[in-house]
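predicted structure and sequence below. I'll ask about it afterward.
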Amino acid sequence: VGFSNSSSPYHPYLDYDQQTRDVLDAIAAGRKVLARDDVALTGKLFATGFSQGGWLSMALHRKIEATGGKLTASMPSAGSYALTALVDDIFLGRPVQGSTVYFPLALTAAQRAGAGVYSDPAQFFNQRYARGVEELLPAPGAFSNLVSAGRVPATALFAGPSLPPPAKASRQLK
C-alpha cells in the first residue's frame with residue numbers, strides 16, 4: 001500500500017496493522033504459489049529487514065506470535081524502534097538526517113489511519129511546509145531532492161516559537 005500502482009494516496013509508514021497485514025498477505029500468496037508448483041516447505045519462517053523493513057520485521061514477529069503463529073527467527077536491523085526518543089529529539093531541535101521526512105510520513109500515516117492527531121497539518125508543521133505535507137510522501141528520489149525543492153527543511157520542521165526554550169546551563173558543583 002502506498003507504493004507504485006497502489007490506489008492509496010499515502011504510504012502507511014509505521015502503521016502496524018496495515019503493514020503487517022500486507023506482509024502476511026504476501027506470505028500467504030507465496031505459499032499458494034509454492035504449493036501450486038509442488039515446492040516442499042520446511043515450515044520455518046524467518047523475517048529480516050533494514051530501516052523501515054527492520055521495524056516491519058519486528059512488528060511482524062510481534063503480530064505472528066500474538067495470533068498464535070510461530071516465527072523461527074527474526075533479525076530486525078536499523079529500524080525505528082525508539083520512536084519516543086526520535087520524536088523528542090525532533091521537537092527539541094536535534095533532528096537526525098531524514099527525520100524531517102520520516103516524521104511527516106509517520107504522522108500522516110497515523111492521521112489517515114484514524115488517530116485524529118490534528119485537524120489541520122499547520123497545527124504540527126511550520127506554515128511553510130504544512131500545505132501539501134500529507135501528499136508529499138512517498139516521493140521518488142533522494143531526501144536531498146525534497147530539501148533542494150523546498151518541500152521539507154533539512155534540519156528543522158517546526159516553527160521556532162513552537163519549540164521549547166533551550167535548556168539553561170546548569171552550574172557545575174565543585
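Cool, the structure landed.

and the strands in this protein?
Secondary structure of the chain, counting by DSSP state E: strands at 46-50, 73-77.

may I have the last one as CSV, with CA atoms only?
In this case it means strand 73-77. Extracted in CSV, the C-alpha atoms of strand 73-77 (Å, rounded to 0.1, in the frame of the first residue of the first chain):
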residue,chain,number,x,y,z
ALA,A,73,13.7,-16.3,13.9
SER,A,74,13.8,-12.6,13.1
MET,A,75,16.7,-10.2,12.6
PRO,A,76,15.4,-6.6,12.5
SER,A,77,18.2,-4.1,11.8
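
which residues sit against it?
46-51, 53-55, 57-58, 60-61 (Cβ atoms under 8 Å, 6 or more residues apart in numbering). Placement of C-beta: from N, CA and C, glycine included.

how about those residues in CSV, adding distance to A26 and neighbour count?
Formatted as CSV, the contacts of strand 73-77 follow (distance: Cβ to Cβ, whole Å; neighbours: other Cβ atoms under 10 Å):
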residue, distance to A26, neighbour count
F46, 14, 10
A47, 11, 21
T48, 14, 14
G49, 13, 20
F50, 17, 13
S51, 18, 14
G53, 13, 18
G54, 17, 20
W55, 16, 22
S57, 13, 22
M58, 17, 19
L60, 10, 26
H61, 15, 19
